[in-house]
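*Asks:* Sequence first, then the predicted structure:
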Amino acid sequence: MGWEKLDVALVQAASGLDPAANTARLAELTPAGADLVVLPEVFQRDFGPVTDSLIPYAERLDGPFATELRRVSSERATTIVAGMAEATDGPPYNTLLVADGVTPATGHYRKIHLYDSFGYKESERLSAGPLTPTVVEVAGARVGLMTCYDLRFPELARALVAAGAEVLVVPAAWVAGERKVDHWRTLARARAIENTVYVAACGQPAPRYSGHSVVVDPLGDVLAEAGDGEETITATLAASRLAEARATNPSLANRRL
């Protein structure tokens, strides 16, 4: 492992319906001193009413939101992950941007599993991304990217870990409702335990969404958890804890399938 520790901050903030206003908040919301700052899914512009088309609000990867994200990441000397609607020739992608303040090009992950569940139909408004696990390096740590509903699919988490991920980062807009916080917390812990990785899952707050952003260590212990309102939580991830977990529970080494 090429790292010792990773200081992370999860910014549980609500995005509004005005992309310019959300973009203007990036500097205000990004704390100093973290190696990795995570904002929620679609922070560039909230999904809004289900009747809204997201096409008019989608931006390219070199648009105003991405440009400001890169500027803030450089100013704060941190890597930032944040969600946006990425413009295409048709329905946008639900995309995570990665800005490290150094690399001119912005890394990105396009959400694979669209939220066609619990009475919602994300595929009517957005395009699914390619079936390619996305792993980026942050301060020497290998970070795998997932978005919201992806958390319900263990095969994606396992593919990311097979590609070298030591931390899974999950920006989300986890819709509020019966059992939803329990599902969110349980799934985040399950993905950490079964893969012996850290999970840093950052959601939008109540009332529309569930909040409860959470950082889980590779043995399933919760290092930090938010409530349902706006707040920022922090945690320090340690490579030594990852090694300890994989020695204690060598399930990755014991796989037969």
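*Replies:* Arrived safely.
*Asks:* in the protein, which spans are strands?
*Replies:* 5-12, 36-38, 79-86, 93-99, 107-110, 135-138, 141-145, 167-172, 198-203, 214-216, 222-225, 231-238 (DSSP state E).
*Asks:* just checking, what packs against the fourth one?
*Replies:* Identification of packing neighbours for strand 93-99 by 3 or more Cβ pairs under 8 Å, 6 or more residues apart in numbering; DSSP states H and E yields helix 64-76, strand 79-86, strand 107-110. Placement of C-beta: from N, CA and C, glycine included.
*Asks:* Look up how far Ala157 lies from the closest residue to Leu151 other than its chain neighbours.
*Replies:* Nearest non-adjacent residue to Leu151, counting by Cβ to Cβ, 6 or more residues apart in numbering: Leu187, 4.9 Å away. Leu187 sits at a distance of 10 Å from Ala157 (criterion: Cβ to Cβ, to the nearest Å).
*Asks:* Between those two, tell me which one has more neighbours.
*Replies:* Ala157 (25 against 19; other Cβ atoms under 10 Å).
*Asks:* Report the contact partners of that one.
*Replies:* Residues counted as contacts of Ala157 (Cβ atoms under 8 Å, 6 or more residues apart in numbering) are Gly144, Met146, Leu151, Leu168, Arg191, Glu194, Asn195, Val197.
*Asks:* Looking at these, which are in helices?
*Replies:* If you go by DSSP state H, the contacts of Ala157 have Arg191, Glu194, Asn195 in helices.
*Asks:* List buried residues within the residues you listed.
*Replies:* Burial by neighbour count, 16 or more other Cβ atoms under 10 Å: within the ones in helices among the contacts of Ala157 this picks out Arg191, Glu194, Asn195.
*Asks:* Against Ser74, how distant is Ala188?
*Replies:* According to Cβ to Cβ, Ala188 and Ser74 sit 30 Å apart.
*Asks:* Looking only at neighbour counts, state which of the two leads.
*Replies:* Ala188 (26 against 14).
*Asks:* Test my guess that the more buried one contacts Leu151.
*Replies:* Yes: with contact defined as Cβ atoms under 8 Å, Ala188 reaches Leu151; the gap is 6.7 Å.
*Asks:* okay, and the common contacts of those two?
*Replies:* Val170, Ala201.
*Asks:* just the ones in helices among the contacts of Ala157 now: which is nearest Trp3?
*Replies:* Asn195 (17.7 Å; Cβ to Cβ).
*Asks:* ok, and the closest non-adjacent residue to the closest one?
*Replies:* The shortest distance from Asn195 to any non-neighbouring residue, by Cβ to Cβ, 6+ apart, is to Val161 (4.5 Å).
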